[in-house]
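Asker: sequence isn't available, so here's the structure alone:
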């Protein structure tokens, strides 16, 4: 965070708090490395509650794994009873269609990855005529690395999706 931003952050924060109808407790947290952060979450011993005019302190939120159960009220059903059902043959057909679409996407992405790797030429692609400046060449090579990485992640994700189909 820049110094200029830090100087402007508190007045802006206070102005926004003054305008809002729903307000919460604000904490000023000074981390062990000395940086200051303003937040609505108490992050431990290095945070102090700020006494701001017009601040309403709400009840702390429930942070437990499961919501409280009310006796006599039935547990919610994951699927409503009147929700339309699909028979198993229809679901198998849908899964087969999905698998076909994903396999087609996987083939396309694998071809794209092969082309990117070929053009990348093990980190030394050919320089183009418009790259007289070496920095432009390096920028293009870095972009190629990013594209290859992104394409590899897409291939992995598509393989995971195909494996998850029943």
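Answerer: It's in. Just so it is clear, the structure is predicted and the values come from calculations on it, not from any experiment.
Asker: partners of the strand or helix carrying residue 37 in the sheet?
Answerer: For residue 37, the element it lies in under DSSP states H and E is strand 36-39. Strand 36-39 has these partner strands in its sheet, going by DSSP bridges: strand 27-30 (antiparallel).
Asker: buried sites along the strand it pairs with?
Answerer: For strand 27-30, the neighbour count (16 or more other Cβ atoms under 10 Å) marks 27, 29 as buried. Any C-beta I mention is one placed from the backbone N, CA and C, and that applies to glycine too.
Asker: so what touches it?
Answerer: 36-43, 46-50 (Cβ atoms under 8 Å, 6 or more residues apart in numbering).
Asker: what about 6 Å?
Answerer: For strand 27-30, the external contacting residues (Cβ atoms under 6 Å, 6 or more residues apart in numbering) are 36-39, 42-43, 46-50.
Asker: distance between that strand and the chain's centre?
Answerer: Here strand 27-30 is found 25 Å from its chain centre; the criterion is Cα atoms, centre = their mean, to the nearest Å.
Asker: average pLDDT for the helix of greatest length in the chain?
Answerer: Ordering each helix of the chain by length in residues (DSSP state H) puts helix 88-120 first. Helix 88-120 comes out with an average pLDDT of 93.
Asker: which strands or helices does that helix pack on?
Answerer: helix 134-164 (3 or more Cβ pairs under 6 Å, 6 or more residues apart in numbering; DSSP states H and E).
Asker: quick one, the helix it packs on and helix 88-120 angle?
Answerer: On the basis of axes from the mean of the first three to the mean of the last three Cα atoms, to 10 degrees, helix 134-164 is oriented at 160 degrees to helix 88-120.
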